[in-house]
Structures are given as structure tokens and as C-alpha cells.
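Novice: Give me a model of this one.
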Amino acid sequence: MAHIVVLGAGLGGTIMAYELRDVLGKTHQITVVNKGSTYSFVPSNPWVAVGWRDRQSVEVDLVPAFARREIALRPEGAKRLHPEENRIELNDGSSLSYDYLVIATGPELAFDEIPGLGPDGHTQSVCQVDHALGAKAAFDALVKKPGPVIIGAVQGASCFGPAYEFAFILEKALRDAKVRDRVPMTFVTSEPYIGHLGLDGVGDTKGLLESTMRNRHIKWITNAKVQKVDAGVMTVEELNDDGSLKTVHELPHDFSMMLPAFRGVEAVRGIEGLTNPRGFILADKHQQNPTFKNVFSIGVCVAIPPTGKTAVPVGVPKTGFMIESMVTATAKNIARLVAGEEPNAQGSWNAVCLADFGDGGIAFVAQPQIPPRNVNWSSQGKWVHAAKIGFEKYFLYKIRLGKAEPFYERLALQALGIDKLKAISFD
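Specialist: Residues are numbered from 1 along each chain as shown. Below you'll find the predicted structure:
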């Protein structure tokens, strides 16, 4: 009997455990190591930050869900991985041995790299549900006393979709509160242009997002490098495309939400042969680490080079469809290793994304995610908002049931004709 450990219980880690159970059956042991016993649906955090969702509506208790699938849960969390010993040191001082390991930790949020950034400084976050609840309190204060707002993503960020989503969701919430006319908004991003998304754009995301910002009176600054954030003022360098300094902005703000850069979590960071200098996990086309062959990685923690040179560092996002394809490939490859065969499955690394804007949104399909592409399509409409709500309900339902059915793969299959994406059924 083999023991497979999944490190992390986010979107990737949770469905990883379910898919491993499906392909391995009940003969082998599966354990998930996570800090806590709760799954939180991160895509809903922008809604939490304006009061459209509460904690209970976006979280799932993993204890009964995992028990239903005979998956063990260790909620102590990992202190340090020792891959040369096939061992994880847990935060309570105990250790857990494994035959195969899947690292699905997600990132550590590098707020400390910019003075004043983050919930402990002068900006809000929607990266975690606790952060989003803090942002909700700040939003309530903004409604009572309107003032300038800054939303965006700092240098080195690789997840831009939630910044755009939150900018438009916040704008809608301010209109609903009848105070939008007293809240000037600026979008500040390290991207070389609006709609780059770390992917060099998908379809006409540049034109669609710029048009939406103009229609909603949101100004923007691209090629932006945040120097520091003080109470009431954000200092931002705007660079030319060649990297030279264009101007320095001293932007006033009463409310700001800036997505940080990511790095690998402390439990794995700095392990030679396992991670790159930023702490992300090195993986080959089979999601397998080249040094430690019984270690695989999926999701945001995987090291992926940027799509090209930019004036300000911009990372590559790991979207839901890409993560699900990593999960499926990894499950198949571990099953082959358990059977004495070599890995041969590869993730498709396509992107299907629904970006909600509160009362509309943009959807895009990129196959593959990193250009050049066979499919490069984007569209907008109120149907995207409805689809995102359906996605949330569907995915949380599947997590509670312990089902591994990949949502994004189903979405892509139904979108083969592209226009069919508007007629998705979520029952």
C-alpha cells in the first residue's frame, strides 16, 4: 500500500485528493496536510469584501467531506518539508512520512516587500477570506465617508483577474450605496497595458477592459511600480516601456486594495533542487520535480516563467482550468508510478475564465494559456455574472460531496463552439 500526501487543501489540493482516490481506489492511503480543516472558495472573496457574501457561504468543513472519501486530514499544517527523507515536519512537532507527495500549497503573500502594503499596513486584500472581511469593514467606512480609491496589483504580481473583478464590483457597490459620485477611482497595475493579465492578453481583453473602465470613470496607470504606501498616500513610479522612469505619482487614497506578489511558502522555500529562487516548485511536463522524483506540484506554487519581458515584473497566473489539468495529469502519473510504470500524462494548460464585474463581466478562453494559441477568445455581458454565481454554487456543492469532477474542463467542453459558453447549465 502506498501513502500519498497532498500538501495544501485549496482548490487544487482538495480536488487532487478526490481525483487520487478515484484513480487509486481504496487500496492506498491518502492524507491531506493543511493549516486548519476548512476549504475557502477564494474566487468569492471580492463579493465578501463588499458584503455580498459572508464567511459561512464560501467555506466548507473538510472533515465530513474527506471522511466520506476515506481521506485523512492533518490540520496542524506543515512547518518544513524534508524531501530527502520523504518526510513532512508538522507545526505541532510531529512528522508525517510519505511515498509520494503532491505540493499544492498555493503562495505566500509577499506584502512585506513593499513598505505599508497589506492588511497590516495601509491596503486591503481579497486573497484570503479573513482579509476580505477586513476589507468589508473598510468598505463600510468608505460608504460613510467617501473619498479616493486605488485598486490594482503591484510589481511581481501574477494574479490580476481579482484586481479587475474587485475594482468593478466595488464600483457597482458604491453606485448601489449612492456615493459613487464622491469616490474617484484609479486602477494601478504593473501590467504593460490594461488587460495584459500576465498572459499578454486574451482576445480583446485590452479593448474590453479599457472600455469598461472608461464607461465607469476609472482612471488607470500601467507599468506601475509601487514604492510605498502611507496612510492616505500611495507613492507609485510609472515607467516607460524601456524601463526608464516616466513620472512619480503621489496618489491620495481613503481605501485601497492592491494584490501582492507571490512567493513559495516557508515550508518549502530554499530547498535546493525543489524550488526556484522565489520559492516556487520546479516541475517538468508531468508535474514531477526533476530532483525528487516522488514529488509533484500543482497550482499557484508551480514555477512558470513569464510570457515575455516587461518594464515592470509581471508573473503568469495559474487559472482554474490550468490547475485542474495539472491535477488530472498528476493523479494519472502517480497511479502509473504506483503500478511500476513511468509518468506520461501532461496537463493541457488551457484557460477558461469568468471575470465578474458585479452586474456583468468578461469571459475568455485561451488554448493554450500561454501564447501562441489555437483559441484566443474573449466576450462580455451580463451572462458572465450569472455564470460566476452558478460556478460558485456548483463548485462548493462538489467540494461538499467529495466529487472530483473538474468544473473548468466541463466548462471548456461545453464551450467548444465558443458561443455555447453563454448557455452553460450549472445544475
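Novice: For the protein, which segments count as helices?
Specialist: For the chain, helices defined by DSSP state H occupy the ranges 11-24, 45-48, 55-58, 62-68, 129-144, 161-176, 205-215, 320-338, 382-401, 407-414.
Novice: relative to helix 161-176, how tilted is the fifth one?
Specialist: So that's helix 129-144. Angle, helix 129-144 to helix 161-176, by axes from the mean of the first three to the mean of the last three Cα atoms, to 10 degrees: 30 degrees.
Novice: any weak-confidence spans in this protein?
Specialist: Filtered on pLDDT under 70, the chain yields the residue ranges 405-427.
Novice: for the stretch 51-200 of the chain, what spans make up the strands?
Specialist: In the stretch 51-200 of the chain, the strands defined using DSSP state E, counting those that start in this stretch lie at 59-61, 72-74, 78-82, 87-90, 95-97, 100-103, 108-109, 149-153, 185-189.
Novice: what's the answer for the stretch 201-350 of the chain, then?
Specialist: Using DSSP E, counting those that start in this stretch, strands in the stretch 201-350 of the chain cover 218-221, 224-230, 233-239, 245-252, 255-259, 262-263, 295-297.
Novice: How many neighbouring residues does Gly273 have?
Specialist: Gly273 has 12 neighbours, counted by other Cβ atoms under 10 Å. Using the backbone N, CA and C atoms, a C-beta is placed for each residue, glycine as well.
Novice: I should have written Gln227 there, sorry.
Specialist: 14.
Novice: related to what we said a few turns ago, can you tell me which of the strands of the stretch 51-200 of the chain is nearest to Pro290?
Specialist: Among those, the nearest to Pro290 by Cβ to Cβ is strand 100-103 (13.9 Å).
Novice: Could you list the paired strands of the closest one along with their orientation?
Specialist: Counting by DSSP bridges, the strands paired with strand 100-103 are strand 3-7 (parallel), strand 295-297 (parallel).
Novice: Could I have the CA atoms of that strand written out in CSV?
Specialist: Extracted as CSV, the C-alpha positions of strand 100-103 are listed here (Å, rounded to 0.1, in the frame of the first residue of the first chain):
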residue,chain,number,x,y,z
TYR,A,100,4.5,10.2,-2.9
LEU,A,101,3.9,13.9,-2.3
VAL,A,102,1.8,16.5,-4.2
ILE,A,103,2.6,20.1,-3.2
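Novice: Give me the contacts around it.
Specialist: 2-8, 13, 16, 20, 81, 83, 86, 88, 268, 281, 294-298, 301, 330, 334, 337-338 (Cβ atoms under 8 Å, 6 or more residues apart in numbering).
Novice: Same check on stretch 123-142?
Specialist: Residues outside stretch 123-142 that contact it (Cβ under 8 Å, 6+ apart) are 40, 42, 45-46, 48-51, 55, 58-59, 109, 111, 116-119, 149, 162, 166, 170, 173-174, 179, 183, 229, 234, 254-260.
Novice: let's go with 6 Å and repeat that
Specialist: 40, 45-46, 48-51, 55, 109, 117, 119, 162, 166, 229, 255-258 (Cβ atoms under 6 Å, 6 or more residues apart in numbering).
Novice: For PyMOL, write the selection for the buried entries among the residues you listed.
Specialist: The following PyMOL line selects those of the contacts of stretch 123-142 that are buried, judged by 16 or more other Cβ atoms under 10 Å:
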select buried, resi 40+45+46+48+49+50+109+117+119+162+166+229+255+256+257+258
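Novice: which one of the strands paired with strand 100-103 is the most hemmed in?
Specialist: strand 295-297 (a mean of 29; mean count of other Cβ atoms under 10 Å).
Novice: quick one: it to chain centroid distance?
Specialist: Distance of strand 295-297 from the chain centroid (Cα atoms, centre = their mean, to the nearest Å) equals 19 Å.
Novice: Ok, stretch 126-146 next?
Specialist: Taking the mean of its C-alpha atoms, stretch 126-146 sits 20 Å from the chain's own mean (Cα atoms, centre = their mean).
Novice: Which residue ranges make up each domain of this structure?
Specialist: 3-47+59-109+263-347, 111-261 (automatic domain parsing).
Novice: Distance to Ala363 added to the ones you listed, as TSV?
Specialist: Shown next, in TSV, are these (distance: least, Cβ to Cβ, whole Å):
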stretch	distance to Ala363
domain 3-47+59-109+263-347	12
domain 111-261	10
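Novice: Make TSV from the strands paired with strand 100-103 and add distance to Val316 to it.
Specialist: Formatted as TSV, the strands paired with strand 100-103 follow (distance: least, Cβ to Cβ, whole Å):
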stretch	distance to Val316
strand 3-7	22
strand 295-297	15
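Novice: Quick check on the closest residue to Pro192 other than its chain neighbours: phi, psi?
Specialist: Nearest non-adjacent residue to Pro192, counting by Cβ to Cβ, 6 or more residues apart in numbering: Thr310, 5.0 Å away. Dihedral angles of Thr310 (phi, psi; degrees, to the nearest 10) stand at phi -130, psi 160.
Novice: State whether Thr310 and Ser190 are indeed in contact, as I suppose.
Specialist: No: look at Thr310 against Ser190 with Cβ atoms under 6 Å: they stay out of range, at 7.7 Å.
Novice: neighbour count winner among those two?
Specialist: Taking other Cβ under 10 Å, Thr310 and Ser190 do not tie; Ser190 has more neighbours (29 against 21).
Novice: if I read this right, Gly195 contacts Lys206, doesn't it?
Specialist: Yes: the pair Gly195 and Lys206 qualifies as a contact (Cβ under 6 Å) at a distance of 3.8 Å.
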